[in-house]
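Participant: this is a predicted model, with the sequence first.
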Amino acid sequence: MNRRTPLVIAAVLLAAVAGCSAPTAPGGAAGAGGDPAAMVLADGYEPESLHPLLGYGVEGASKIFDGLVAHDADRQLQPALAAELPRPGADGLSYTVALREGVTFHDGSAFDSQDVVATYTALLDPAYASTVRSDHRTLAGVEALDPRTVRFRLTQPDSAFAHRLTLGIVPAEAVAVPAPLAESAFGTQPVGTGPYRLVEWRRGTSMRLEANPQYWGGAPAVRTLDLVFAVDDNTRAQRLRAGEFDGTVLPPALAETFAGSEYAVHHHPSADYRTITLPSSHPVTGDPAIRLALNHAVDRQGMIDALFAGRGAPASTPIPEVLSEYAEPSAQFSFDRAEAERILDAAGWVRGADGTRARDGVPARFTLMYPASDTIRRDFAQAFTSDARAVGVDVALEGLGWEAIEPRMGADALVLGGGSPFDPDLVSYPLLHSSYGGDGFNNPAFYANPAVDAGLDAARRATDQAARVAAVKEWQRAYAAAPGFVFLAFLDHSYLVRERWDGYQEVVDPHTHGTTWGPWWNVEDWTPRS
């Protein structure tokens with residue numbers, strides 16, 4: 001009870017701030033060229049919730065929460081709320097974690113092992129309806145050995161388990177009642193241990209974060225972060241030119257128009273792929289010949305050059321260049337339109353008078369969805385459609401909202417994004433393993449390949465690194481022989497940063513970027529230039 005009381009008070013105060021504060025324009029004296037201790041950033045994406053168990057900041061770099069571990073600029077794990085890196089058991093079925101001392105939540109309550117146990121117990125309990133529960137299928141449970149030590153129990157060895165411990169830890173009181181987390185006020189009134197705390201969130205407009213003076217890593221020198229939400233790329237660019245922002249993310253070509261200005265242009269390599277899902281139940285996209293032919297029909301490098309100023313790398317699987325030790329060279333698809341035509345001819349897909357192929361009276365035609373507000377996915381969709389039509393496959397485009405897209409992902413193709421630079425298991429397993437078929441954005445098109453499943457399982461269970469690398473390469477070969485997606489590219493992320501601070505470090509971004517990863521992944525360590 002002594003911890004619940006300040007938590008409730010903090011929640012009430014945050015609600016009062018969010019609901020009663022007078023409107024003020026971001027920037028001015030509070031950043032955007034004014035106070036060097038304040039920063040105004042623009043993002044094209046606004047989170048639906050700030051709850052870690054609903055997906056916020058699960059890859060780390062959250063400004064509000066800390067995980068037990070975090071990734072540094074070299075993608076290596078470092079202790080965060082853990083006092084040292086997790087220690088695996090000899091049998092690979094447990095991890096023991098010693099916790100950092102002297103850490104407090106934003107409400108002043110002390111952090112200890114009960115918060116870790118409560119967070120992960122809620123994650124596993126279906127009553128809470130955590131949207132990231134399926135990412136932790138190998139976790140059997142967690143127990144507190146003492147106030148400063150926890151032990152995780154696994155159902156099987158999991159070579160990537162330590163990377164999953166970036167999940168933000170919440171106060172035990174925040175998950176005391178088993179109920180769907182989407183109904184909890186915590187998603188809009190969060191209390192974490194991170195370097196910043198939320199003081200205001202104007203839905204659809206902006207969010208204000210203030211530095212946590214009691215942060216265990218030291219009080220941030222950038223004391224205020226204003227995050228402005230502006231979906232349209234051109235709008236963000238125009239407002240940046242007007243001096244409203246200290247930084248933003250933009251498409252590469254648009255970012256380059258700021259070269260020579262007061263903003264530094266940074267292009268980050270990433271593991272952020274774009275792929276075309278091919279639903280297994282569809283009479284066209286479920287055909288192995290169509291799938292293989294489309295992988296040869298697309299001009300990946302041409303798309304990158306024409307649409308993104310050459311900023312990106314071709315993709316054939318979800319394994320990015322930064323994980324090169326795991327990449328299988330023979331699993332890369334070449335742009336070979338003649339080979340695509342040959343595959344379709346051999347499979348009995350015959351061109352008609354209008355140029356569209358058909359087999360047994362079924363035209364080679366399907367619908368490709370993309371989120372209407374996402375210009376990058378729209379451009380990829382249009383380029384893919386052009387390449388598919390060149391080999392006789394007709395694709396009808398539909399730009400929709402996510403509420404219309406999600407119920408149809410099992411039946412219609414989609415331009416999907418994702419990717420992680422930290423470990424090959426984190427994205428590849430849920431995307432490609434048949435057991436995840438239809439699990440939201442994990443394998444939404446129900447791809448199933450027993451040989452790929454076997455390789456993914458072997459790689460996850462491997463305790464020897466050489467055996468793990470061999471298993472990852474094996475499932476890539478199996479995938480390339482019978483693909484279920486058309487991976488297109490790993491995109492570079494392009495940013496504009498006003499040069500008033502020191503502390504920038506380039507990182508390889510995951511799919512999540514903008515004001516979490518990207519230049520500001522370590523903003524709590526930035527200092528104003530004298």
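Facilitator: Everything's here; your move. Numbers count the residues shown, from 1 in each chain.

Participant: and stretch 321-331, what's buried?
Facilitator: 322, 323, 326, 327, 328, 331 (16 or more other CB atoms under 10 Å). Where C-beta positions appear, they are placed from N, C-alpha and C, glycine not excepted.

Participant: one more: stretch 217-234?
Facilitator: For stretch 217-234, the neighbour count (16+ other CB under 10 Å) marks 220, 221, 222, 223, 224, 225, 226, 227, 228, 229, 230, 233 as buried.

Participant: which of the buried residues of stretch 321-331 sits closest to residue 177?
Facilitator: residue 323 (40.4 Å; CB to CB).

Participant: surely the closest one is within a strand?
Facilitator: No - assigned with DSSP: H, G, I helix; E, B strand; the rest coil, residue 323 falls outside any strand and is helix.

Participant: shouldn't residue 311 be in contact with residue 494?
Facilitator: Yes - taking contacts as CB atoms under 8 Å, residue 311 lies within contact range of residue 494: 6.5 Å.

Participant: overlap in contacts, those two.
Facilitator: 252, 267 (CB atoms under 8 Å, 6 or more residues apart in numbering).

Participant: the strands in the stretch 151-300 of the chain, which residues?
Facilitator: 196-202, 206-211, 224-229, 247-250, 263-268, 273-277 (DSSP state E, counting those that start in this stretch).

Participant: so which of the ones you listed is nearest residue 160?
Facilitator: strand 273-277 (17.9 Å).

Participant: for the closest one, which outside residues touch it?
Facilitator: 294, 315, 318, 320, 368, 376-377, 380, 384, 409, 413-419, 444-445, 484-491, 511.

Participant: buried residues in that strand, which are they?
Facilitator: 273, 274, 275, 276, 277.

Participant: once you drop chain neighbours, what's closest to the last one?
Facilitator: Nearest residue to residue 277 in three dimensions, chain neighbours excluded: residue 445, at 4.1 Å (CB to CB, 6 or more residues apart in numbering).

Participant: what of the fourth one?
Facilitator: Nearest residue to residue 276 in three dimensions, chain neighbours excluded: residue 486, at 4.2 Å (CB to CB, 6+ apart).

Participant: helix or strand: which one has the one you found?
Facilitator: strand 485-491 (DSSP states H and E).

Participant: strands paired with that strand, and their directions?
Facilitator: strand 273-277 (antiparallel), strand 312-314 (antiparallel) (DSSP bridges).

Participant: off-centre distance for that strand?
Facilitator: 15 Å (CA atoms, centre = their mean, to the nearest Å).

Participant: circling back: check contacts around the residue nearest to residue 276.
Facilitator: Applying CB under 8 Å, 6+ apart, we find residue 486 in contact with 275, 276, 278, 291, 294, 295, 298, 384.

Participant: domain-wise, how is this structure divided?
Facilitator: 51-187, 273-491 (automatic domain parsing).

Participant: what's the first-to-last distance across the last one?
Facilitator: The reference is to domain 273-491. Distance between the two ends of domain 273-491: 6 Å, counting by CA to CA, to the nearest Å.

Participant: average pLDDT for that domain?
Facilitator: Average pLDDT, domain 273-491: 97.

Participant: same question, the shortest one
Facilitator: What domain 51-187 shows for mean pLDDT is 97.

Participant: mind checking the SS state of residue 95?
Facilitator: Applying three-state DSSP: residue 95 is strand.

Participant: who does it bridge with?
Facilitator: residue 88, residue 152.

Participant: quick check, it in contact with residue 85.
Facilitator: No - using CB under 8 Å, residue 95 is not in contact with residue 85; the gap is 9.7 Å.

Participant: quick one, what contacts the residue nearest to residue 277?
Facilitator: 277, 278, 279, 280, 285, 409, 410, 413, 414, 484, 485 are the contacts of residue 445 under CB under 8 Å, 6+ apart.

Participant: then residue 122?
Facilitator: Taking CB under 8 Å, 6+ apart as the test, what residue 122 contacts is 53, 128, 130, 175, 178, 181.

Participant: and of the residues you listed, the nearest to residue 67?
Facilitator: Nearest member of those to residue 67, counting by CB to CB, is residue 53, at 12.2 Å.

Participant: A helix includes the closest one, no?
Facilitator: Yes - using three-state DSSP, the assignment for residue 53 is a helix.

Participant: nearest spatial neighbour of it, skipping sequence neighbours?
Facilitator: Nearest one to residue 53, counting by CB to CB, 6+ apart, is residue 130 at 4.2 Å.

Participant: quick one: strands adjacent to the helix or strand residue 366 falls within?
Facilitator: Assigned by DSSP H and E, residue 366 belongs to strand 365-371. Under the criterion DSSP bridges, strand 365-371 sits next to strand 394-400 (parallel), strand 413-418 (parallel) in its sheet.

Participant: C-terminal to it, what's the next element?
Facilitator: That would be, after strand 365-371 and using DSSP H and E, helix 375-390.

Participant: elements contacting that next one?
Facilitator: With contacts defined as 3 or more CB pairs under 8 Å, 6 or more residues apart in numbering; DSSP states H and E, the packing partners of helix 375-390 are strand 273-277, helix 288-297, helix 300-308, strand 365-371, strand 394-400, strand 413-418, strand 485-491.

Participant: out of these, which is closest to residue 522?
Facilitator: strand 485-491 (21.6 Å).

Participant: report the beta-bridge partners for residue 351.
Facilitator: residue 357.

Participant: does it touch residue 392 like I think?
Facilitator: Yes - the criterion here is CB under 8 Å, and residue 351 meets it with residue 392 at 5.0 Å.

Participant: overlap in contacts, these two.
Facilitator: In contact with both residue 351 and residue 392: residue 357, using CB under 8 Å, 6+ apart.

Participant: of these two, who's got more company?
Facilitator: More crowded of residue 351 and residue 392, by other CB atoms under 10 Å: residue 392, with 23 against 15.

Participant: so who does the spatially closest residue to that one that is not a sequence neighbour touch?
Facilitator: Computed as CB to CB, 6+ apart, the closest residue to residue 392 that is not its neighbour in sequence is residue 357, at 3.8 Å. Neighbour list for residue 357: 344, 349, 350, 351, 363, 364, 391, 392, 393 [criterion: CB under 8 Å, 6+ apart].

Participant: list the residues that contact the nearest residue to residue 413 once chain neighbours are set aside.
Facilitator: Among residues not flanking residue 413 along the chain, residue 368 sits closest, at 4.5 Å (CB to CB, 6+ apart). Residues near residue 368 by CB under 8 Å, 6+ apart: 276, 381, 384, 385, 395, 396, 397, 398, 412, 413, 414, 415.

Participant: repeat that for 10 Å
Facilitator: Residue 368 makes contacts with 276-278, 285, 377, 380-382, 384-385, 388, 395-399, 412-415, as judged by CB atoms under 10 Å, 6 or more residues apart in numbering.

Participant: does residue 524 count as helix, strand or coil?
Facilitator: Per three-state DSSP, residue 524 ends up helix.

Participant: residues near residue 44, how many?
Facilitator: 21.

Participant: quick check, residue 340 in contact with residue 296.
Facilitator: Yes - if you go by CB atoms under 10 Å, residue 340 and residue 296 touch, sitting 4.2 Å apart.

Participant: neighbour-wise, which of those two wins?
Facilitator: The neighbour comparison of residue 340 against residue 296 (other CB under 10 Å) goes to residue 340, with 26 against 21.

Participant: quick revisit: most neighbours among the contacts of residue 445, which one?
Facilitator: residue 413 (30 neighbours).
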